[in-house]
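*Asks:* Here is my input; please provide its structure:
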Amino acid sequence: MDPKRSPDPRQFKPERFADDHTTLYQSATGDTTKRDNFVFGAGRRLCQGIHIAERSLFYGISRLIWSFNFLPSLDENGQPTVYDVDDLVGGITVEPKHYTCRIECRSINKAQIIRAEAQLSQGLLDSETGQWKETPKGMAFSTWVPVNIDA
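*Replies:* Predicted coordinates:
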């Protein structure tokens, strides 16, 4: 919300990020006045998985945008509702007040792909807990290797 960094910070202007190629990690370990958020901590309390979180958010959001149109809800007259971007709920953090919207698949082909992938994913989950049976291929994981400390 710093007008020095972002003139008209409450206006939707995605082009303000067009030439910003700094990753969250690079931002978090550099000049704090240039950071756009502190969600992943700072200093010694910086989240060790910040790079994984950034990639996961990118993949998740880009897949949602690829798959769906996000549209305003319709009122009783069939007119789009107007969302008030300044209607915020406060607390430890500030967030937008809950609102409704319409989410529509972009095409029949994309809907078929989504359903097929969702069905395939169900086989990877434990039916009782809903957790992964094993780490899916391509996901980051570490393997514990015993070390002989007597050697």
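
*Asks:* Now do the buried residues in the helix ranked longest in the chain.
*Replies:* Longest helix in the chain, counting residues (DSSP state H): helix 50-67. For helix 50-67, the neighbour count (16 or more other C-beta atoms under 10 Å) marks Ile50, His51, Glu54, Ser67 as buried. All C-beta spots, glycine's among them, are computed from the backbone N, C-alpha and C.

*Asks:* and the first one, what is it in contact with?
*Replies:* Remark: with contacts taken as C-beta atoms under 8 Å, 6 or more residues apart in numbering, Ile50 is in contact with Leu24, Tyr25, Ala28, Phe40.

*Asks:* any chance of those in JSON lines, with secondary structure and pLDDT too?
*Replies:* Conversion of those to JSON lines gives the following (DSSP: H, G, I helix; E, B strand; the rest coil; pLDDT from 0 to 100):
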{"residue": "Leu24", "secondary structure": "helix", "pLDDT": "78"}
{"residue": "Tyr25", "secondary structure": "helix", "pLDDT": "78"}
{"residue": "Ala28", "secondary structure": "helix", "pLDDT": "78"}
{"residue": "Phe40", "secondary structure": "coil", "pLDDT": "82"}
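
*Asks:* which one of those residues is nearest Pro7?
*Replies:* Leu24 (23.0 Å; C-beta to C-beta).

*Asks:* burial of that closest one, as a residue count?
*Replies:* For Leu24, the neighbour count with other C-beta atoms under 10 Å is 20.

*Asks:* ok, so what distance separates the nearest residue to it once chain neighbours are set aside from Gln26?
*Replies:* In space, Leu24 comes closest to Glu54 once its chain neighbours are excluded; the distance is 4.5 Å by C-beta to C-beta, 6 or more residues apart in numbering. According to C-beta to C-beta, to the nearest Å, Glu54 and Gln26 sit 10 Å apart.

*Asks:* by contact count, what packs against the one helix or strand Ile103 maps to?
*Replies:* Using DSSP states H and E, the element containing Ile103 is strand 101-105. On a contact count with 3 or more C-beta pairs under 8 Å, 6 or more residues apart in numbering; DSSP states H and E, strand 101-105 meets strand 68-72.
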